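**Q** Quick one, structure for this:
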Amino acid sequence: MDSRELLKNKEEYIGKEVTLKGWIRNHRKQKDFGFIEFSDGMAFQHIQIVYENKLKDFEEIQKLHNGCAIEVTGKVVRSEGKQDFEINADEIRLLGDCPEDYPMQPKKHSREFLREQAYLRPRTNLFQAVFRIRSVASFAIHDYFQKNGYLYVHTPLITTADCEGSDQMFKVTTLDLNNLPKGENGKVDMSKDLFGALSYITGSGQLHGETFALAFNKIYTFGPTFRTENSNTKTHANEFWMIEPEMAFCDLNELMDIEEDMLKYIVKYVLDHCGAEIDFCNAFVEEGLRERLEKLVNSSFTRVTHKEVIDILKQAKEKWEFEPSYEGDIAKEHEKYITDYFGGPVFITNWPKDIKAWYMKTNSDNKTVAAVDLQVPGAGELMGGSQREDDYDVLISRAKEMGVDTEAIDWYMNLRRFGGCVHAGFGMGFERLIMYLTGIENIRDVIPYPRTPGNCDY
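**A** Next comes the predicted model:
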C-alpha cells in the first residue's frame, strides 16, 4: 500500500486497515494524543496520522522527530479537519531514527539555504512539487513525440563535432595533465589520447540528429548537454538537459507549427496530471501561474520578423537600457515588452545572419537567416530553431566565414550531397521549460544538483 493508491481510491478504504511506510514531515504532540503529518513520497498530498495514549508505546512515539522513517498501521476514517480522511493508528513502528537537529524542519527555508542542503531539499514541499512536475513534463515530451511518429535518438555525449563553438565546450582527455606529451611544434600531441584527437563533451546533439532525420524523417533527442559558459545568471548552468527535434521536408513555418503544438501539449499534460503541484506553485511561488499556463494552452502564438520587432521597440515610449538594433540581438527587457505587447507567446523570425549560427538557412536577402526564437510571457526565450541550410556550397561558405573546421565535420556537410532536402529543427532547454511551468526564477532550483561556475558540489 502507498499513499498514491490510498488517495486515488480513498472512499473504498474508509473503515479498512492499511499499512504505510514513509517519513514524518511534522509531529504535533498533545498530552493524550498526537498528529503526524506523513509522506511516503508517492503523492504530493500528505496524510494525517492520529494516535492516542491507548497505544502501548505511546511515550516512545511522542519522542519521534521530524524526518524519522516509520511504518504505520491503522484504520482509515473520515476526518473532522481540513483533510478528507485520516488514519487512526494502531501501531507506529520506527524504521529509521532522525536527530533533533535535522535541517529540514517544518518552517520556511530560503532557497539559498536549500541549495546548500541539495541532498535533503527534495523532502520539502517546494521541491516535491518542482521535481514531480519535472518528472511528468519529461514523460509528456516523450509522449508527444512518440505519438507523432518521431524516432528517439541517443546522440553521443563525447564528440569531435564542434556545433556550438569549441570555446563553449568541455574538453575530454585521458592524457596525464601533469605530464602532457608534446609534438615538435610544442603543442600537446592529441594523437596520444584515447581517441587520437581533441574531443569534447557535447554542447548539442543537433548535427548528429540531422543525420538521423535524413534517414527516419522525424527524430528527437532528449538528454544532458554541457557548456563552459562562465555565467552566473539565474538562467544559465554548465550542465542542463535539451530537447532537440529535427524534421526532414520541413520549412520554417511548419517548424513553428510543431513548436506551438508540442509546447501546448506538454503544458496541458502537466496541468492535467500535476494539479496539486501547480496549485502549490501558484500559491507560494508565482501568483497567477495557473492562469498563465491555461492561457498559453488556449492562445494563438504571434509570428513576427526580427525587423518588425525592432520597429515596435523603436517606436515604443520606453527608456531602454539596451537600445534596439536591426543588426543585433534583443535583450531581456525587449523580450518582456514584446510578449506584453502581443499579450502572449511570440515567434520572432528572420534574424540577422551575423548573430546566428553557420548552419542556419540563408534567406534570399543574404542578410538574414530562416531562424526563429519563441518568446513566452514570464520566461523570455524558451525555444530556438531554424530551417537548416540545405545548399552545400552556401553551407561550406558560411562555415568558413564563421571559422568552422569543415574537414572535421565533412560527414555533416555531405548530407547536402547525398539526397539532401529542406529540413529544420529546434532546441528547448528542459530546465527553462520547468522554470516556466513552476514560476521558479533560478535554474539552480529546477535541476537536482546544479553545475554552475564555482559549484560542482555533490
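**Q** Could you report the neighbour count for residue 46?
**A** Neighbour count for residue 46, taken as other C-beta atoms under 10 Å: 18. The way it works is simple: take the backbone N, C-alpha and C, and place the C-beta from them, glycine included.
**Q** Check residue 368 too.
**A** The local packing of residue 368 (other C-beta under 10 Å) involves 21 other residues.
**Q** nearest spatial neighbour of it, skipping sequence neighbours?
**A** If the residues on either side of it in the chain are set aside, residue 368 comes closest to residue 350, at 4.5 Å by C-beta to C-beta, 6 or more residues apart in numbering.
**Q** and the one you found, that's in a strand?
**A** Yes - assignment of residue 350 by DSSP: H, G, I helix; E, B strand; the rest coil places it within a strand.
**Q** Just the local confidence number for it, please.
**A** You'll see residue 350 listed with a pLDDT of 98.
**Q** Spell out which residues sit in contact with it, please.
**A** Listed by C-beta atoms under 8 Å, 6 or more residues apart in numbering, the contact set of residue 350 reads 305, 306, 307, 363, 368, 369, 370, 371.
**Q** do you know how far the nearest residue to residue 445 once chain neighbours are set aside is from residue 259?
**A** Leaving out its chain neighbours, the residue that sits closest to residue 445 by C-beta to C-beta, 6+ apart is residue 111, at 5.5 Å. Using C-beta to C-beta, to the nearest Å, residue 111 is found at 30 Å from residue 259.
**Q** So between these two, which is more surrounded?
**A** Applying other C-beta under 10 Å to residue 111 and residue 259 shows that residue 259 carries more neighbours, namely 22 against 15.
**Q** thought the more buried one was touching residue 384?
**A** No - counting by C-beta atoms under 8 Å, residue 259 does not reach residue 384; the two are 9.9 Å apart.
**Q** Can you pull the residues that touch both of these two?
**A** Common contacts of residue 259 and residue 384, defined by C-beta under 8 Å, 6+ apart, comprise 372, 374, 426.
**Q** what's the closest of these to residue 451?
**A** Closest to residue 451 out of the shared contacts of residue 259 and residue 384 is residue 426 (24.0 Å), distances taken as C-beta to C-beta.
**Q** Verify the stated contact: that closest one with residue 370.
**A** No - contact between residue 426 and residue 370 fails when scored by C-beta under 8 Å: they sit 11.9 Å apart.
**Q** what is in contact with these two at once?
**A** residue 386.
**Q** List the buried residues for stretch 34-53?
**A** For stretch 34-53, a neighbour-count test (16 or more other C-beta atoms under 10 Å) marks 34-40, 43-44, 46-51 as buried.
**Q** Can you give the distance of it from its chain's centre?
**A** 31 Å (C-alpha atoms, centre = their mean, to the nearest Å).
**Q** End to end on it, go ahead and measure it.
**A** End-to-end distance of stretch 34-53 (C-alpha to C-alpha, to the nearest Å): 9 Å.
**Q** Same question for stretch 321-339.
**A** For stretch 321-339, the end-to-end distance is 18 Å (C-alpha to C-alpha).
**Q** Just to be sure, residue 87 is in a helix?
**A** No - counting by three-state DSSP, one finds residue 87 to be strand, located in no helix.
**Q** That one contacts residue 79, correct?
**A** No - using C-beta under 8 Å, residue 87 is not in contact with residue 79, being 9.6 Å away.
**Q** Kindly write the ChimeraX command that selects the buried subset of the contacts of residue 350.
**A** In ChimeraX syntax, the buried subset of those is picked out as below (16+ other C-beta under 10 Å):
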select :306,307,363,368,369,370,371
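**Q** Mind picking the two most distant members of the contacts of residue 350?
**A** Among the contacts of residue 350, 307 and 370 lie farthest apart (C-beta to C-beta), at 13.9 Å.
**Q** for the shared contacts of residue 259 and residue 384, which one is nearest residue 14?
**A** residue 374 (47.9 Å).
**Q** C-alpha coordinates for the host helix or strand of residue 141, CSV please?
**A** Residue 141 is part of helix 125-147, with elements assigned from DSSP states H and E. Only the C-alpha atoms of helix 125-147 are listed here, as CSV (Å, rounded to 0.1, in the frame of the first residue of the first chain):
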residue,chain,number,x,y,z
ASN,A,125,7.1,20.8,-0.2
LEU,A,126,8.5,23.2,-2.8
PHE,A,127,11.0,20.6,-4.3
GLN,A,128,8.5,17.8,-4.0
ALA,A,129,6.3,19.9,-6.4
VAL,A,130,9.2,21.0,-8.7
PHE,A,131,10.7,17.6,-9.2
ARG,A,132,7.3,15.9,-9.6
ILE,A,133,6.5,18.5,-12.3
ARG,A,134,9.9,17.8,-13.9
SER,A,135,9.2,14.1,-14.0
VAL,A,136,5.7,14.5,-15.5
ALA,A,137,6.9,17.1,-18.1
SER,A,138,9.7,14.7,-19.1
PHE,A,139,7.2,11.9,-19.8
ALA,A,140,4.9,14.4,-21.6
ILE,A,141,7.8,15.3,-24.0
HIS,A,142,8.4,11.6,-24.9
ASP,A,143,4.6,11.0,-25.1
TYR,A,144,4.2,13.9,-27.6
PHE,A,145,7.0,12.8,-29.9
GLN,A,146,6.2,9.1,-29.8
LYS,A,147,2.5,9.7,-30.6
